[in-house]
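**Q** kindly return the folded structure for what I paste below:
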Amino acid sequence: MTGQVLLWVAVSWSLFQLWYASPLPFIVGFGVLNDTEARAIHLGFGIFLAFVAYPAFKTSSRKRVPVLDWVFALAGAFAGSYLFLFYDQLALRPGQPTTLDLVTGTIGIILLLEATRRSLGIPMVIVATVFIFYTFAGQYMPEVIQHRGASLNKFLNHQWLTTEGVFGIALGVSTSFVFLFVLFGTLLEKAGAGNWMMQLSIALLGHMRGGPAKVAVVSSALNGVVSGSSVSNVVTGGIFTIPLMKRTGLSGVKAGAIEASASINGQIMPPVMGAAAFLMVEYVGIPYSEIVKHALLPALFSYFALLYIVHLEAVKIGAKGIPAQPRPAQERLMRWGLGLSGSVVVMGALYYGIFAVQAAFGSAAPTLLVILGAALYVAAVWYSSRYPDLEMDDPNAPILHLPRAWDVTRTGLDFLIPIGVLLWCLMVEQLSPGLSAFWGTVSILGIVMTRRILMALFRRQDMMAASRATFDDVVDGLALGARNMIGIAVATATAGIVVGTITLTGLGLMMTELVEFISGGNVIVMLLMVAAISLVLGLGIPTTANYILVASLMAPVVVELAAQNGLAIPLIAVHLFVFYFGIMADITPPVGLAGFAAAAISREDPIATSFQGALYSLRTAILPFVFIFNPTMLLIGVEGWGDLIWNSLISLAAILLFSAATMNWFVTKSRLWESGVLLLVCFTLFRPDWWVNQVAPPYEERPASEFVATIAGAPQGARVNFVVEGIDLMGDDVRKTVNMPLRAPGEPLERLRDLGLTLMPEGDELTITNVAFGSYAKRIGLDVGYKVVGVLKKADQPSTLIPVAIALALTGGIAGLQYMRFRNAGGCHFEKVKA
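**A** As a prediction, this is how the structure comes out:
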């Protein structure tokens with residue numbers, strides 16, 4: 001009975017989320033909910049299932065739900081849904097809570113913290129409790145973070161009865177976007193796409209040196225497209241890849257560390273990024289497609305660097321790839337050529353074919369595209385039905401057969417359709433993330449509902465058995481998607497307590513002053529402090545909640561202090577900086593959850609695994625410092641394809657050399673001074689402008705009178721740096737250097753108003769007369785009364801090609817020396833001889 005209740009409540013939650021995200025409520029005029037009502041229902045489901053699905057203690061029974069847990073579940077559901085149940089009454093008396101309001105808020109927060117403890121463990125609860133304590137004990141805090149404190153009524157009203165706390169942006173994103181992406185990934189796995197992606201990775205990379213470890217890297221990148229958790233990546237992929245890596249000679253610690261390091265990178269991989277990409281839309285205020293564009297290169301570079309690290313580890317121990325069927329080189333080359341060219345042709349035909357249908361059929365195009373898509377799906381399933389289903393190889397078996405890439409690909413071509421639908425809606429049509437996720441989820445749900453039946457039809461098997469299995473798959477997929485969302489729902493709600501505390505107490509401004517005081521205004525020290533704080537805040541906390549915490553508390557600190565120190569950092573670079581270090585907490589000892597999960601599979605010491613994984617992840621940790629000072633890695637300030645290709649190649653070379661230096665291995669084992677030179681080369685390739693800036697300043701400050709003309713002449717997508725002066729909320733004089741992106745061309749002042757900024761000329765200066773709430777201008781710290789006193793323009797400098805050429809020459813010298821040493825040793829690597 002309990003299992004049935006849990007099952008159908010979970011299914012109901014998934015169906016509710018699909019209904020809320022779909023256009024159907026607006027079409028039929030029924031069940032239309034505003035954001036606040038939907039968030040309340042979402043949290044009600046989450047708390048109810050947390051108490052029913054997760055026992056109170058490790059020793060609690062797994063066979064039945066105690067009566068007390070049922071009471072907690074029902075009370076939590078009522079408290080979570082309170083804003084939905086009494087929305088009209090609460091709207092009539094804002095800021096005037098009744099006794100029922102206050103009692104419900106108190107019970108709701110207590111039960112929310114207990115639900116969080118059960119589903120996520122104690123770290124998140126400790127963080128929230130510390131912030132609650134700070135709310136009430138502000139007057140007893142050190143002076144730098146002291147505030148007047150808040151009454152219980154004010155606290156409960158702010159946190160539970162408004163959208164400033166628990167029911168704020170974080171829970172809103174969980175309700176609107178995250179649930180559907182988790183459901184999308186769950187259904188994709190249920191359809192068999194997870195195994196298909198793993199086998200495809202093995203087929204493509206298994207034959208290489210260290211191939212199984214490279215499979216772990218690539219499969220984690222693919223999982224990152226649909227997964228919302230680094231720990232989930234470890235568990236789903238590591239069960240297969242970790243034993244496989246150990247078979248090739250890697251130690252259990254290194255095998256676990258590679259899987260954990262690859263899995264946390266799944267969270268920085270567009271388009272999903274552990275759902276943080278959708279939160280960034282809200283926090284940064286730029287379109288989703290821009291978020292993906294900026295985040296893509298660092299994620300790819302990090303994965304390429306990990307592949308290189310894996311290769312170096314394999315070279316050290318003389319590891320071999322998985323034996324493949326011998327084929328002539330000409331046949332292998334032809335297969336690769338046909339595969340690549342065929343993929344490009346098919347993608348091009350689909351891309352231009354869709355546009356052609358839209359142009360030819362107008363309003364009828366969506367219906368026709370759905371019909372054509374369904375026909376394509378049926379054809380793909382028919383083609384797949386001609387071949388046996390994939391079976392997961394046993395990594396502990398004495399012999400492992402390496403499949404051919406096309407033999408794997410042809411068994412799951414239909415799995416590409418929902419991924420294509422999702423990416424098309426997000427990147428081409430630029431629909432909202434929620435609506436894009438809805439159409440992607442509908443497409444994969446259609447596959448789950450029909451794939452078994454079509455396979456049985458084409459293979460002439462038992463249709464009734466296939467129908468029963470399909471029904472079970474659909475129900476299990478919807479229930480499992482909801483089950484996977486329990487922790488995320490309560491985590492985002494609990495993170496809302498932290499956000500609410502910041503807005504209630506003014507902690508954000510105080511953190512800025514604290515970091516500024518300790519760092520002494522030094523930008524590097526400030527960034528190191530923010531990175532350390534982000535690591536601490538991220539310990540044991542899921543990706544989505546992690547980003548909410550660091551973005552709310554630390555991102556404004558970086559923006560403000562950098563601006564006051566004359567460094568105009570793009571806002572997206574700041575948010576990616578804190579996000580990266582929040583994610584790094586999953587691999588950083590002593591609480592690195594991904595490392596612990598990998599160690600459980602490899603049966604090795606979790607601390608040793610986490611330390612090794614942290615070493616591998618240094619290549620990821622260095623990237624945020626690079627794109628803070630050199631935002632070309634985020635495709636900011638890149639001019640044309642030539643510039644893009646050149647900067648990408650140089651940055652890729654830099655991260656690979658950094659990996660070689662930290663691994664103490666390049667062509668062969670490096671000497672200490674050689675690793676030092678490689679690090680210097682790495683710095684030069686990442687920041688060639690630093691050397692040039694020592695000779696000539698990068699910008700010259702022009703009068704404010706040229707500001708409007710600069711805006712008028714800037715193309716779409718350009719960024720303008722300018723200087724403002726004014727008095728802040730504390731009454732102190734401030735001078736800031738800020739950076740703003742410009743959108744569509746137009747009248748200059750109108751372009752600024754699109755970013756939330758209204759200016760009025762006053763002599764040679766421009767005064768800010770309005771900053772729209774929640775606008776980009778507000779997010780970068782501009783305020784009414786500030787004056788634009790100057791605009792920064794690029795100064796004439798020596799070419800950055802000079803330090804780059806010197807760095808590449810040094811790299812060639814090191815490579816030559818090591819190659820000679822390698823040859824003199826008889827062509828054997830030191831560690832291999834030692835073994």
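
**Q** what bits of the stretch 101-250 of the chain have low per-residue confidence?
**A** Residue ranges of the stretch 101-250 of the chain with pLDDT under 70: 221-229, 232, 236.

**Q** same question for the stretch 501-650 of the chain.
**A** Residues of the stretch 501-650 of the chain meeting the criterion pLDDT under 70: 539-540, 590-591.

**Q** over to the stretch 351-500 of the chain?
**A** Using pLDDT under 70 as the threshold, the predicted model of the stretch 351-500 of the chain has low-confidence ranges 392-401.

**Q** repeat that for 80
**A** Counting by pLDDT under 80, the stretch 351-500 of the chain contains low-confidence ranges at 390-404, 426-427, 430, 432-433.

**Q** how about the nearest residue to residue 818, chain neighbours excluded?
**A** The spatial neighbour of residue 818 that comes closest, neighbours along the chain excluded (C-beta to C-beta, 6 or more residues apart in numbering), is residue 667 at 3.7 Å. Every C-beta, even on glycine, is put in place using the N, C-alpha and C of the backbone.

**Q** residues in contact with that neighbour?
**A** Applying C-beta atoms under 8 Å, 6 or more residues apart in numbering, we find residue 667 in contact with 815, 818, 819, 822.

**Q** what do you get for residue 689?
**A** Contacts for residue 689 (C-beta under 8 Å, 6+ apart) come out as 630, 698, 800.

**Q** how about 10 Å then?
**A** 629, 630, 632, 698, 797, 800, 803 (C-beta atoms under 10 Å, 6 or more residues apart in numbering).

**Q** next, the contact list for residue 697, please.
**A** For residue 697, the contact set (C-beta under 10 Å, 6+ apart) comprises 792, 795, 796, 797.

**Q** ditto for residue 802
**A** Residue 802 sits next to 688, 691, 692, 695 when contact means C-beta under 10 Å, 6+ apart.

**Q** which of the helices or strands spans it?
**A** helix 801-824 (DSSP states H and E).

**Q** make CSV out of the contacts of residue 667 and add pLDDT.
**A** Compiled in CSV, the contacts of residue 667 are given as follows (pLDDT from 0 to 100):
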residue, pLDDT
815, 93
818, 92
819, 91
822, 86
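
**Q** now the buried members of these.
**A** Buried subset of the contacts of residue 667 (neighbour count, 16 or more other C-beta atoms under 10 Å): 818, 822.

**Q** and the pLDDT for the closest residue in space to residue 43 that isn't next to it in sequence?
**A** Leaving aside its sequence neighbours, residue 43 sits nearest to residue 80 (C-beta to C-beta, 6+ apart; 3.7 Å). With respect to pLDDT, residue 80 scores 95.

**Q** could you measure from residue 80 over to residue 639?
**A** Relative to residue 639, residue 80 is positioned 50 Å away (C-beta to C-beta, to the nearest Å).

**Q** have a look at these two and say which one is more surrounded.
**A** In this view residue 80 and residue 639 are compared by other C-beta atoms under 10 Å, and residue 80 has more residues nearby, 32 against 11.

**Q** need the residue closest to the centroid of the protein.
**A** A centroid search over the chain (C-alpha atoms, centre = their mean) returns residue 273, at 2.2 Å, as the residue closest to the centre.

**Q** wait, what's in contact with the residue nearest to residue 43?
**A** Under the criterion of C-beta under 10 Å, 6+ apart, the contact partners of residue 80 comprise 39-48, 104, 108, 111-112, 115, 160, 166-167, 171, 489-490, 493.

**Q** residues touching the residue lying closest to residue 166 once chain neighbours are set aside, list them.
**A** Across the structure, with C-beta to C-beta, 6+ apart as the measure, the residue nearest residue 166 apart from its sequence neighbours is residue 496 (4.2 Å). Residues touching residue 496, when contacts are defined by C-beta under 10 Å, 6+ apart, comprise 39, 43, 112, 128, 159-160, 163-172, 174, 545, 548, 552.

**Q** the same query, at a cut-off of 8 Å, please.
**A** Counting by C-beta under 8 Å, 6+ apart, residue 496 touches 159, 165, 166, 167, 168, 170, 171, 548.
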